[in-house]
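Peer 1: have a look at this prediction, sequence included:
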Amino acid sequence: MTAESMWLYAGACCYLVSAYLSVREVLQRRSSARWIQVLLLVGATLIGAAIADRWVRLGHGPFLSMYEILVSSLFSLGMLYGIAHWRFRDIRGGAPVALGILTLLLLWTGSVHRDSMPLPPTYETPWLWVHVAAGKLFLAACLVAVSLAVPVLLPGARGARLLSPWAVHTQRLDQLVWRWLTLALLFHSAMLVAGAVWAQDAWGRYWDWDPLETWAFMTWLVMAGGVHARAVFRIRSRVSSSIVVVTFVLAFLTFFGVPFISVAPHQGAV
Amino acid sequence: VRISRRLASLRLTLAGLVLLGVAAVAAAQRMGHARWLVAGPLLLLALNLLAALVSSARFRRQPSLFAFHLCLLLLAILLGAGQLTRLTGHVEVSEGQGFDPAGVVIDSRGEWSPGLPAANAFLQGPIQVGYEPGLLRRATSSRVWISGDGADFPVDVVDGTPLVVDGYRFYVTHNKGFAAVVSWGVAATDEVLHGAVHFPSYPGQAQGQVLQWRTPQGTSVQFRLEPDSLPQDAWVLSAQRAGGRLWVRAAGGAERVVSPGQSLALPGGLLRLEGFSMWMGYRVFYDPTLPWILVCALLAVSMLGWYLWGRLERPVPAPEVATLAAQRSQA
């Protein structure tokens, strides 16, 4: 077993235990917040070590293959969600959903090939870092929002039961969800701007409606539309939460689907 | 005032966003007139924004939100102006030759776009492209010479860094190949014409290094090149890999081979092979609004950040706390 695998599996174990604790917290009403936070941050550090090991070996960061994108997302989402969980008590009710999504990402990571390819010359720009960092922050804010939105959509009183240890009122929950989604909108906007600067330098056009750009823009539109719709209509919390889930699904497909089925330059193939 | 309020309606904003989404899908499908499909909803949103900025009390209360939306409005105006002044195209220039605006193939041109840079705005120098095993393209380097302050100075155009001449940006692309530098002596007049013929992109079309050329007298000539075999390890593509010989076949005749410095008599004149060089395919882009678009976009993101600053930690509004307390007491 390589050092990279060892770090990765150790980090995955931390994530899985923290996911288990978050579910136990709801079922047994026993607070495990501190352990969840510690395990998430330790897990992210271990996955970070796996990324660093691969980085040193290949000479470039995790920006290209599906495996690299998944591992880097596991690192950033675990780290950022762990910090948010520690810093904002109000969001802790969404931990089973957020950590469930992280578990799915873990399972997916285990099933993909760890292939590698050289970094295209167009990736050697500081804008790559701004673009990727803003994208990771966007996805993390989106993860917090969707983790709080999903319980609202659960049938009957299950959602209320899920969130009951934190006694979060539905109206306040809706407000919280949209605060995080507006934060996601901010990071998504920064990601689009940095991506456009990079695209202008790399391919001589800042926008060309390639599949990834179009999907990213649609995600931005859904978020912007949701923010304005809440200001215009008295939207029920279930509808409001549905918009958040749609945003997350769009973002998830944009990050983990479109770049790997599209032949547009975003693949880094040119 | 009533019209202004109606125009500032958030319902209209929502309608504009939905229309923009539909237009975005159409633009992504490369449907005809997609540019105008996007322009319609953008114009509607810009008018809606303008009216809102003038009339909305909320914007007056929250300067950060006002500034964010003002930046969005300016962005929409700049994007529109950019469409009208923009020019995109592509051009091939071979080593030793100057830029020729007549050779630019224009892909799109705005109604107000100015003329292209003058002939010989830059002179093409050596071109080199690195490759790794598996034909993976690495760094591209294209040196050009530009006149300025009474002297020529070199500029290296590489991936991610365009050459900028008179506001026009020239980007290196994956499209490049070999060129045969030839001269054609017209038999009847002793006039000698000089030029370069560009073979298909290399190594993308390594197996098809053939091209047809028609002499000024109308004779069809086929040129064929047999470059050095593609290396298995890391290598650098340059004119030295062109193979050193050119196969020439005039209409109906046998194929003959010429080396640099040799001549070949063909119907109507004398073909002389001067040597081999590389050509580089540049993407040409002109949009004077580009820096302003960047400034506006960065300001918009900053203003949104300012608006959101501290909102995450803002305490629950009092009525909601009361509702929550009431719920708990009922429970």
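Peer 2: Cool, got the structure.
Peer 1: looking at chain A, which residue lies furthest from center?
Peer 2: Residue farthest from the centre of chain A, counting by C-alpha atoms, centre = their mean, is A:G204 at 29.5 Å.
Peer 1: what residues does the stretch 51-200 of chain A have near chain B?
Peer 2: A:88, A:117-118, A:120-122, A:124-125, A:167, A:169, A:171-172, A:175, A:179-180, A:182-183, A:185-186, A:189-190, A:193, A:196-197, A:200 (C-beta under 8 Å from any C-beta of the partner chain). C-betas here are computed from N, CA, C, even on glycine.
Peer 1: which among the residues you listed end up buried?
Peer 2: The neighbour count (16 or more other C-beta atoms under 10 Å in any protein chain shown) marks A:118, A:120-122, A:125, A:169, A:171-172, A:175, A:179-180, A:182-183, A:185-186, A:189-190, A:193, A:196-197, A:200 as buried among these.
Peer 1: show me these that map onto helices.
Peer 2: A:171-172, A:175, A:179-180, A:182-183, A:185-186, A:189-190, A:193, A:196-197, A:200 (DSSP state H).
Peer 1: residue 38: neighbour count?
Peer 2: As the question left the chain open, I've gone with chain A. If you count neighbours by other C-beta atoms under 10 Å in any protein chain shown, A:V38 ends up with 15.
Peer 1: wait, chain B
Peer 2: Neighbours of B:V38 (other C-beta under 10 Å): 20.
Peer 1: of the ones in helices among the buried ones among the residues of the stretch 51-200 of chain A next to chain B, closest to B:T189?
Peer 2: A:Q200 (48.7 Å; C-beta to C-beta).
Peer 1: tell me who's in contact with the closest residue to that closest one other than its chain neighbours.
Peer 2: The shortest distance from A:Q200 to any non-neighbouring residue, by C-beta to C-beta, 6 or more residues apart in numbering or on different chains, is to A:Y206 (4.2 Å). When contacts are counted by C-beta atoms under 8 Å, 6 or more residues apart in numbering or on different chains, A:Y206 touches A:A196, A:V197, A:A199, A:Q200, B:L290, B:I293.
Peer 1: host element of the last one?
Peer 2: Element membership for B:I293 (DSSP states H and E) is helix B:290-308.
Peer 1: who does that helix touch, helix- and strand-wise?
Peer 2: helix A:170-203, helix B:63-85 (3 or more C-beta pairs under 8 Å, 6 or more residues apart in numbering or on different chains; DSSP states H and E).
Peer 1: tell me the most buried of those?
Peer 2: helix A:170-203 (a mean of 22; mean count of other C-beta atoms under 10 Å in any protein chain shown).
Peer 1: can you tell me which residues contact A:L70?
Peer 2: So A:L70 contacts A:L105, A:W108, A:T109, A:V112, A:F256 (C-beta under 8 Å, 6+ apart).
Peer 1: which among those residues gets closest to chain B?
Peer 2: A:F256 (19.1 Å; C-beta to the nearest C-beta).
Peer 1: measure the closest residue in space to the closest one that isn't next to it in sequence to A:D210 for me?
Peer 2: Take A:F256 and drop its neighbours on the chain: the residue closest to it by C-beta to C-beta, 6+ apart is A:I69, 6.7 Å away. Distance, A:I69 to A:D210, using C-beta to C-beta, to the nearest Å: 17 Å.
Peer 1: repeat for B:A239
Peer 2: 33 Å.
Peer 1: spell out which residues of the stretch 101-250 of chain B are next to chain A.
Peer 2: Proximity of the stretch 101-250 of chain B to chain A, by C-beta under 8 Å from any C-beta, involves residues B:132, B:136-140, B:158-162, B:169, B:171, B:173-174.
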